[in-house]
Structure formats: C-alpha cells, structure tokens
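Chemist: test case, fold it:
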Amino acid sequence: MFGALLDHERGGYFRVRPAQGAFDTKQLYLPDTAILITRFLTETGVGEVVDFMPVTSTAHATENHRIVRLLRCVRDEMTLDLDIAARFDYGRASHELHMTAEGGVFTSRGSALTFHIVREPGDERLAEPRADGNGDCHASFTLRAGQLRGLVMETASAGPPRAIRVAEAQRMLDDTSRFWRVWLSHSTNTGRWREALERSAITLKLMTYAPSGGLVAAPTAGLPEQVGGERNWDYRYTWIRDASFSVHTLLRMGFVEEAAAFGRWLADRVEEKAGGASGPLNIIYRVDGSSDLSEETLEHWEGYRGSRPVRIGNGAADQLQLDIYGEALDSIYFGNQAGLAIGTRGWVALRDTVDWLAEHWDQPEEGIWETRGGRKDFTYGRVMCWSAFDRAIRLATNRARPAPLDRWVAARDAVYNQVLERGWDADRGAFVQHYGGKVLDSSLLRMPTVEFISPLDPMWVSTLREMEAELVSDSLVYRYDPEASPDGLRGSEGTFSLCTFAYVDALARSGRIDEARLVFEKMLTYANHLGLYSEEIALTGEQIGNFPQAFTHLALIDAAMTLNDHLDDTTPASSTQRVALPVQPEASAETTLSEAMQRSPA
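Modeler: Numbers count the residues shown, from 1 in each chain. Sure, this is the predicted structure:
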C-alpha cells in the first residue's frame, strides 16, 4: 500500500511533517524498544512523532495489523500535516475513501484500510481530516506544548472508524514498551558492544513472523545494489540459509524461544520435502512455509532513484544451491545440542534428506550468491555439503540413531578430498570461488567457522592473505569481483556487510585480535543513525541494497561475540560448543520433529 520508496508518485505514502517552512529532523529509538521517535525542530516550536506497532497475540496468523502514529508538541506550538495516499496492489488497483468524523476507510477489491483519529472529546478542531479528488486523506494537527494526538491505522478492523482517547493510545504505547523491555531482558549477553547487539536482536525480532517463526531476509523489495542498476531483488521471504544462521545467533544471545520457533519452521520444511529442482528443500519460502514465489516486474514503477526493474517475487527460488543443506543441518545439530530434540519422524525425514545429498552433492549449482550466470562447481557449496554430512554423522552417533553411516562417511571424506584437490589453487595460494577458476569469494571466510579447516592452517592463512589483497578495501569486504567472475547481470555492487563481519570473525579465529577489533569498530561507523544495516555499502559510505538486512545483523552479533570471547582470552566458540544450555531428554518415538522442537528450555 505504501511503496513511495520505489515510486514517489504511484507508490503511496503515509507522511507526517511540520506545516511550517524549514525544519531539522532527529530520530532515535526509545531505549530497549522498537518504538521510533522522530523529532521536528523549527524556529517556532518542537514536535515529535512516536511510531510503533502494538503487539498482541503471536500464536495465530491474523489479517489485523496496526500502526500507531502519535503526534506531540514538545515546545511552544506546532502544526503537523498528515497525508495518507494508499495505493493497493503496488498501485495497480483503484480504491475509494469513505470519511467519517472519527477517521476513514480505504477500500479496494475486498481489502480495507481503516484509520482512527486519536483525540479528546470536544477538540475536533485540532484535527480536521479531509479527502481530495484522488481519494487521499489530509489532516492538520495544531498542538500546544504537552498536547498529544495522532492516528491509529489498521487492516481488517473489527468496526468502523472511532475516536480513540489519548489515555487509550498511551496504554498502547506503554504496553508496547513493556513488551520490548521484557523480551530484551531474556538476553544473556553481557559482553562488549551490548547496545549494538541488542539493537540487532530487536531488528531480527521485528523481521520474524511470529505465528510460524520464519525470519525474512529483509522487509523491503527493489532497493538496488547499485543505484540506477538492475540488481534489485525482493527479499521479503525466508531463506533456509539466512534463517538457519539465526538458530546459532539467537541461542548465543539467550533467545531460546525464537530459536525453537524457527527450528519448528525448519523441521516442517524438512518433513514435508516439498522441494523441486533444488532437492528436498527449496532455498526460499514464504514466511508461512509455502513456496509460491513466482517473480514478476512492476513495469509501471520507476524504481528507487530510477533503479529498474522493480521485481516482486523471487525467481531464484528454484535454483540449486547445495550449501543450504549444510546450513540447515548445522542449525539442527546445534539446536539438538542445546536441547531442541529431534523426534522419530523428524529423524527419518532428515535421514532421507542426507541420503539425497549423498547422491547429488557432486554437481554444478548456482551458489550462495544466487548468480544468474549458469551453474558451476562452487567451493563454498561443497564445503557446506561436507558440513551437512559431518553434522548428520554426529547426530546419528551422539543420539544412537539408525543411519547408513558408512555411506555418509564416504561422502563426507570424498567432499573433503575434492575441495582440497580442486577448490585449492596452488598458483594463487588460496581456495577459489569455483573449481577451475581463479576468482576469490568471501563466502569462504566461513571455512574455519564450520571447522572444515583450522584457522591457523597455512592453507587458510594464505587464503585469507589473498582475500585481503583482492576483496578487502579499507576493512570493507566485497563478495567477489563480478568482472572477473561474470554473474549474468549488468553493473557493479558495493561491499557486502555480511562479508565484512565474517572477515572480523575470521581474523579473530586466526589470532589477529587487534586487527579484528579495528575492522569491527570501523564497521560500526557505517550503521545508519539508528544502528541499522542494509545489505551493502557504496563507495560513498551510503547504505545500498535491501534494508535492514537480517543476514547482516546476524553476522554482526556472531562477529561481536566471537571477538569478545577472544578479547577475554577464552576458548574460541566453535560450531559444536557455542552456548551452554541444558540438553533435554530425547523425544518419544511418536513425537514429530516439529513437536520435539517445541520442548525448548524457554
């Protein structure tokens, strides 16, 4: 409904700004919450907007969602103009606006968007909403110091617009603040950079669909990797890879309930085996677990600052990316170690998945970066296949589960030997992006993290040195060189923030602690004013790509905690011993993997 970032005329917007001339803007989050405060400073007064989403039941899916925008005058007097221009179905559907004295309703093809005015009886003159000829709503709030009014917008409203008293709006604000502070109190993190980690955790929580536990890669679509370029994707979905990382990260911070929720989501995907060309698992799903992600182009939208095409859906959903099996098995193994037990049906489904991988690991694929330049034998994909077999073997042996261990061990060893023989380029002295190539790839920064290679191994030390010479620019890290390794797309891209945090992790594990800390501290300066990160950083320091990006905030937390461990001179956290949580008893033979993962120590 509101896509003005991607087309300022056709995209729709919900805007608040001072009616006076020039003004300055300051923003902050209410501490320890996801409540955003925007302050307007003018020569005649100071006002602010408090934006938040009330939290209700998270157990069941609902069409009812609310955004509250409270307007407050802080000093003197201020008139704030409010404009609502809803554009349904990405601006492709017409709508009607029905106004009342208490608010209004936008309707379009069976959808409805209702807004309620926040005010006290008798002060109707403070807010005079009106409709224009385009079906848009405009209102002006003239407030004196201390006065608070505003608007509540919701979908699937239970009734018509109504006047909401200030006390009721204040209760919603207080309840929302209390929710976030109670939730954040579950964090067990007491190390350095606590504020940055907690802001990242709140951001990840905001990107999690509570009824299913699915974590979206980003809440945006179409924000470009290069302004004016075509690398513009829809990230409003759950990637197996990205979300699998969240199990480690959330458990390390103490958010067991969220880790268990995604564990259940992942378990359901493993059990249903609804994949296609990508094997038993798809690489991307909707948050509810469905996999209809057909990609289309919004030809009528101009794109962010002229960056076209604007795509919705994601055509990469059917790609073969073998690394997802390593990430999924690693998160399941780690969750199992932390007490998220695997039931009998879950184990059978998992065993079938690993059997499929044993048959299909040795083939070209599209790789972690979803390039559209054809399949290759990507080294990272093979490393993660090794990780999948390794974790499956550990699960079977540690839990005495029936499994074709001889076959899995043979596959694990074959992958390991193949990576050493074909993924290593002796001339470059480095592991390379794909077999037969010379290109470096920063995804391989995770090789020591998954324990494929020791961080002190001469082959790894040499690889890291080569990456620094080619992919690192003043501490920021590129994914790869697209000119040296064509990926089927025009244009260039910025440094990849996920990879920069992975570089911090690799430096720390390799014993280069001071360098790791400097790179990490530098990277913190690239956050926006609210501590949020997009996908990439341009040469100008501007954040580009979809925003905020879950993978970046996950990597930030992991890098910070790994670095903190090394700075404290403790034993480095490994993939098998990253948190100390009680291991629970095994589930019964009748318990599914989904049910077993509900038995978290939350």
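Chemist: distance check, the residue nearest to Arg422 when sequence neighbours are not counted against Asn134.
Modeler: Spatial nearest neighbour of Arg422, chain neighbours left out: Tyr435 (4.3 Å); criterion: CB to CB, 6 or more residues apart in numbering. Every C-beta, even on glycine, is put in place using the N, C-alpha and C of the backbone. Tyr435 is 57 Å from Asn134, where distance means CB to CB, to the nearest Å.
Chemist: and the two? which has more neighbours close in?
Modeler: Tyr435 (18 against 8; other CB atoms under 10 Å).
Chemist: quick check, pLDDT for the more buried one.
Modeler: Listed pLDDT for Tyr435 reads 97.
Chemist: again, but for Thr592
Modeler: pLDDT for Thr592: 37.
Chemist: shouldn't Met561 be within a strand?
Modeler: No - going by DSSP: H, G, I helix; E, B strand; the rest coil, the assignment for Met561 is helix, not a strand.
Chemist: which element follows the strand or helix carrying Arg269 toward the C-terminus?
Modeler: Using DSSP states H and E, the element containing Arg269 is helix 256-272. Per DSSP H and E, the first helix or strand lying C-terminal to helix 256-272 is strand 284-285.
Chemist: returning to that earlier point: got phi/psi on the residue nearest to Arg422?
Modeler: phi -60, psi 140 (degrees, to the nearest 10).
Chemist: quick thing: my sequence starts at 28, can you match it?
Modeler: Yes, from this point I'll number from 28; that puts the last item at Tyr462.
Chemist: can you tell me how far Thr476 sits from Arg426?
Modeler: 24 Å.
Chemist: more neighbours: which of these two?
Modeler: Thr476 (20 against 13).
Chemist: my read: the more buried one touches Arg536, true?
Modeler: Yes - using CB atoms under 8 Å, Thr476 is in contact with Arg536, at 7.2 Å.
Chemist: how about the strands in the stretch 278-427 of the chain?
Modeler: 311-312, 323-324, 338-339 (DSSP state E, counting those that start in this stretch).
Chemist: likewise for the stretch 28-177 of the chain?
Modeler: 40-45, 51-56, 63-68, 72-79, 93-112, 123-127, 130-135, 138-145, 157-158, 164-171, 175-182.
Chemist: over to the stretch 428-577 of the chain?
Modeler: Under the criterion DSSP E, counting those that start in this stretch, the stretch 428-577 of the chain contains strands at 451-452, 457-458, 499-500, 503-504, 522-523, 563-564, 570-571.
Chemist: now tabulate these in JSON lines and tack on distance to Arg313 and mean neighbour count.
Modeler: Listed next are the strands of the stretch 428-577 of the chain as JSON lines, based on distance: least, CB to CB, whole Å; neighbours: other CB atoms under 10 Å:
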{"stretch": "strand 451-452", "distance to Arg313": "39", "mean neighbour count": "18"}
{"stretch": "strand 457-458", "distance to Arg313": "35", "mean neighbour count": "25"}
{"stretch": "strand 499-500", "distance to Arg313": "36", "mean neighbour count": "16"}
{"stretch": "strand 503-504", "distance to Arg313": "31", "mean neighbour count": "24"}
{"stretch": "strand 522-523", "distance to Arg313": "25", "mean neighbour count": "26"}
{"stretch": "strand 563-564", "distance to Arg313": "25", "mean neighbour count": "26"}
{"stretch": "strand 570-571", "distance to Arg313": "25", "mean neighbour count": "22"}
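Chemist: out of the ones you listed, flag the one nearest Leu178.
Modeler: strand 570-571 (29.1 Å; CB to CB).
Chemist: who's in contact with the residue nearest to Arg449?
Modeler: By CB atoms under 8 Å, 6 or more residues apart in numbering, the residues touching Tyr462 are 403-404, 406, 449-450.
Chemist: buried subset of these?
Modeler: The neighbour-count criterion (16 or more other CB atoms under 10 Å) marks 403-404, 406, 450 among the contacts of Tyr462 as buried.
Chemist: in CSV: these, plus pLDDT.
Modeler: Compiled in CSV, the buried ones among the contacts of Tyr462 are given as follows (pLDDT from 0 to 100):
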residue, pLDDT
Lys403, 95
Asp404, 97
Thr406, 98
Gly450, 98
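Chemist: out of those residues, the closest to Ala368 would be?
Modeler: Thr406 (33.5 Å).
Chemist: output the lowest mean pLDDT helix or strand found in this structure.
Modeler: Ranked by mean pLDDT, DSSP states H and E, the weakest helix or strand in the chain is helix 620-624, scoring a mean of 35.
Chemist: can you map out the helices along this protein?
Modeler: For the chain, helices defined by DSSP state H occupy the ranges 115-118, 193-211, 221-233, 267-280, 283-299, 350-364, 371-387, 406-425, 432-445, 485-497, 524-536, 540-551, 577-594, 620-624.
Chemist: convert the C-alpha atoms of the longest one to PDB, please.
Modeler: Extracted in PDB, the C-alpha atoms of helix 406-425 (Å, rounded to 0.1, in the frame of the first residue of the first chain):
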ATOM      1  CA  THR A 406      33.700 -24.400  -3.500                       C
ATOM      2  CA  TYR A 407      31.500 -23.000  -0.700                       C
ATOM      3  CA  GLY A 408      28.700 -25.200  -1.700                       C
ATOM      4  CA  ARG A 409      31.000 -28.300  -1.400                       C
ATOM      5  CA  VAL A 410      32.300 -27.100   2.000                       C
ATOM      6  CA  MET A 411      28.800 -26.900   3.300                       C
ATOM      7  CA  CYS A 412      27.900 -30.300   1.800                       C
ATOM      8  CA  TRP A 413      30.800 -31.600   3.900                       C
ATOM      9  CA  SER A 414      29.300 -29.800   6.900                       C
ATOM     10  CA  ALA A 415      25.900 -31.400   6.300                       C
ATOM     11  CA  PHE A 416      27.400 -34.900   6.300                       C
ATOM     12  CA  ASP A 417      29.600 -34.100   9.300                       C
ATOM     13  CA  ARG A 418      26.600 -32.900  11.400                       C
ATOM     14  CA  ALA A 419      24.400 -35.700  10.300                       C
ATOM     15  CA  ILE A 420      27.100 -38.200  11.300                       C
ATOM     16  CA  ARG A 421      27.400 -36.600  14.700                       C
ATOM     17  CA  LEU A 422      23.700 -36.500  15.200                       C
ATOM     18  CA  ALA A 423      23.400 -40.200  14.400                       C
ATOM     19  CA  THR A 424      26.300 -41.300  16.600                       C
ATOM     20  CA  ASN A 425      25.600 -39.000  19.500                       C
END
